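**Student:** Quick one: sequence plus predicted model below, questions after.
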Amino acid sequence: MAQLFFHCSNDDGVWIDRRLAATSNLTEAMEQAARVVRSLVMAPSHEDWRGWTLHASDDFGDEVFAMSFASVLGKSH
């Protein structure tokens with residue numbers, strides 16, 4: 001497929017991914033994106049990640065897909 005950046009954003013800011021991730025197909029890219037989301041959420045932080053979105057973009061800057069953190073995290077209890 002392509003190499004992708006996994007940039008993340010919310011209403012207050014943007015986290016820029018500076019490393020390209022190699023993916024062979026869309027399914028693999030989405031699985032890798034979900035791993036990125038889970039790793040950010042599990043890292044020690046006071047951030048409320050539910051309002052964040054991961055943007056998978058190719059090396060031309062075109063967005064391939066977006067994934068809300070909430071879709072990976074599920075509903076809060």
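**Tutor:** Structure received.
**Student:** Run through the neighbouring helices and strands of the lengthiest helix in the chain.
**Tutor:** Ranked by residue count, the top helix of the chain under DSSP state H comes out as helix 26-42. For helix 26-42, the packing partners by 3 or more CB pairs under 8 Å, 6 or more residues apart in numbering; DSSP states H and E come out as strand 2-10, strand 21-23, strand 53-58, strand 63-68, helix 69-73. Placement of C-beta: from N, CA and C, glycine included.
**Student:** ok and that helix relative to strand 63-68, angle-wise?
**Tutor:** For helix 26-42 against strand 63-68, the angle by axes from the mean of the first three to the mean of the last three CA atoms, to 10 degrees is 40 degrees.
**Student:** Give me the angle between helix 26-42 and strand 53-58.
**Tutor:** Using the same axes, to 10 degrees: helix 26-42 against strand 53-58 is 140 degrees.
**Student:** Report the contact partners of the most centrally placed residue in the chain.
**Tutor:** Per CA atoms, centre = their mean, the C-alpha nearest to the average position across the chain is that of Leu54, at 3.0 Å. Contact partners of Leu54, counting by CB atoms under 8 Å, 6 or more residues apart in numbering, are 6-8, 33, 36-37, 66-69.
**Student:** Could you give the bridge partners of it?
**Tutor:** Cys8, Met67 (DSSP bridges).
**Student:** And the helices and strands packed on helix 26-42: which comes nearest Val41?
**Tutor:** Val41 lies closest to helix 69-73 among these, at 6.4 Å (CB to CB).
**Student:** how far is that closest one from where the chain is centred?
**Tutor:** In terms of CA atoms, centre = their mean, to the nearest Å, the centre of helix 69-73 is found 10 Å from the chain centre.
**Student:** pLDDT-wise, which helix or strand of the protein ranks last?
**Tutor:** helix 69-73 (a mean of 86; mean pLDDT, DSSP states H and E).
**Student:** quick one: contacts of it?
**Tutor:** Residues outside helix 69-73 that contact it (CB under 8 Å, 6+ apart) are 8, 34, 37-38, 40-41, 49-54.
**Student:** redo that, cut-off 7 Å
**Tutor:** 34, 37-38, 41, 49-50, 52-54 (CB atoms under 7 Å, 6 or more residues apart in numbering).
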